[in-house]
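Peer 1: Next one to model:
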Amino acid sequence: MNISRFTTSDGVEIAAKTYGDSGHQTLLLLHGAGQTKHAWHSTATALAASGYRAITVDTRGHGDSDWSDTGDYSIDTLKHDLITIIECLVDFGIEQPVVVGASLGGITALLAEGEAPGQLFSALVLVDVTPRMDPDGVARILRFMSEFSGGFESLEQASEAVAGYQPHRKQTAIKDNTGLKKNLRLRADGRFYWHWDPGLLDHVSQFGEEFVNRQYLAAQQLRLPVLLVHGKLSDVVSTETAEEFLRQVPQASYVDVADAAHMVASDNNEVFAEAVIEFLQRDLAG
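Peer 2: Residues are numbered from 1 along each chain as shown. Just a heads-up that it's a prediction; the model follows:
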């Protein structure tokens, strides 16, 4: 079964891509702010090769999904979109997928599961996201996202910008513009623009202490298997905040990925995919 589209309650079309055969454990992968479903390509390919079905989606306002006509990218709307996707999967005969969420995708998944009256997922994988994150690291992400709102003159300029933002990444990987082409769009003015709605920043820049507390309350309600994957080089989630989360969610497993920063799956996909598969085989084997 190739699932390529979902429709939200307000008519936004959500683009998706399916990896692997039907009939196996299904994983739903949610990217971070400013990314697209292509960020999961290597991970989804590895999961499919190991006998799982992976479904990657473009969050509203990202990639091939519709932009909101009203500019609504609030966390509650993203949460409702996720719940709608889960309901659509049930219609396809897929109940309680494992949800893997990176950054904003992880926050959305945490709130959806932790605030639901019943269990939505069979397991939850949080990728370098905890209720409390380093404000300087978050600010650096937001600066990078807003800095190039006027687009790039070329793919090479975009590649140089990414290299400056991710100095830990191997330069050979950064200079490969294949991935960039999937995240940028050439417009009529001849410039390349990130393929996400800049209106998203009006919402993600407003997360404060009250929102941190909301996430902790949701985390305390988690009763399903949880895996927290932390990038050892991350400036967004620290070892201390990871430990704080683990005290709140005692059943959670923890993996610290060396040579990886906030975008763990992109930085060290082999280790990341192995950690997720090991978690699935150990905690969901029954």
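Peer 1: residue boundaries of the helices in the stretch 151-286 of the chain?
Peer 2: 155-165, 171-175, 178-183, 201-204, 209-220, 239-248, 264-267, 269-283 (DSSP state H, counting those that start in this stretch).
Peer 1: separation between the residue sitting furthest away from the middle of the chain and Gly150?
Peer 2: Centroid-distance maximum for the chain: Asp189 at 30.5 Å, with Cα atoms, centre = their mean. Distance, Asp189 to Gly150, by Cβ to Cβ, to the nearest Å: 10 Å. All C-beta spots, glycine's among them, are computed from the backbone N, C-alpha and C.
Peer 1: who touches the closest residue to Asp259 other than its chain neighbours in this structure?
Peer 2: Using Cβ to Cβ, 6 or more residues apart in numbering and skipping the chain neighbours, the partner closest in space to Asp259 is Asn268 (5.4 Å). When contacts are counted by Cβ atoms under 8 Å, 6 or more residues apart in numbering, Asn268 touches Val257, Ala258, Asp259, Ala260.
Peer 1: Asn268 and Ala54, how far apart?
Peer 2: Distance from Asn268 to Ala54, by Cβ to Cβ: 18 Å.
Peer 1: Next: Leu126.
Peer 2: 17 Å.
Peer 1: pLDDT weak spots in the stretch 101-250 of the chain?
Peer 2: Residue ranges of the stretch 101-250 of the chain with pLDDT under 70: 167-179, 206.
Peer 1: Out of the contacts of Asn268, which end up buried?
Peer 2: Buried by 16 or more other Cβ atoms under 10 Å: Val257, Ala260, out of the contacts of Asn268.
Peer 1: Among the contacts of Asn268, find the lowest-pLDDT one for me.
Peer 2: Lowest pLDDT among those: Asp259, with 80.
Peer 1: dump the residue contacts of it.
Peer 2: Here Asp259 is in contact with His168, Lys232, Leu233, Asp267, Asn268 (Cβ under 8 Å, 6+ apart).
Peer 1: What's the ChimeraX syntax to select whichever of these are buried?
Peer 2: Buried residues within those, by 16+ other Cβ under 10 Å, are selected in ChimeraX with:
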select :233,267,268
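Peer 1: which of the contacts of Asp259 lies closest to Ile277?
Peer 2: Asn268 (14.3 Å; Cβ to Cβ).
Peer 1: any idea how far the closest one is from Asp10?
Peer 2: 37 Å.
Peer 1: what about stretch 8-20, how long is it end to end?
Peer 2: Length of stretch 8-20, first residue to last, Cα to Cα, to the nearest Å: 24 Å.
Peer 1: before we move on, what about stretch 187-198?
Peer 2: 15 Å.
Peer 1: which non-adjacent residue is nearest Gly114?
Peer 2: Ala218 (2.7 Å).
Peer 1: ok, how many other residues are close to that neighbour?
Peer 2: 20 (other Cβ atoms under 10 Å).
Peer 1: isn't Leu233 right next to Ala260, touching?
Peer 2: Yes. Counting by Cβ atoms under 8 Å, Leu233 touches Ala260, with 6.2 Å between them.
Peer 1: Just give me the residue closest to the centre of this protein.
Peer 2: His31 (2.4 Å).
Peer 1: Return the residues in contact with it.
Peer 2: Lys37, Ala39, Trp40, Thr56, Val57, Asp58, Thr59, His62, Ala102, Ser103, Leu104, Gly105.
Peer 1: Can you verify my assumption that the last one contacts Thr59?
Peer 2: Yes. Here Gly105 reaches Thr59: they are 6.9 Å apart, a contact under Cβ under 8 Å.
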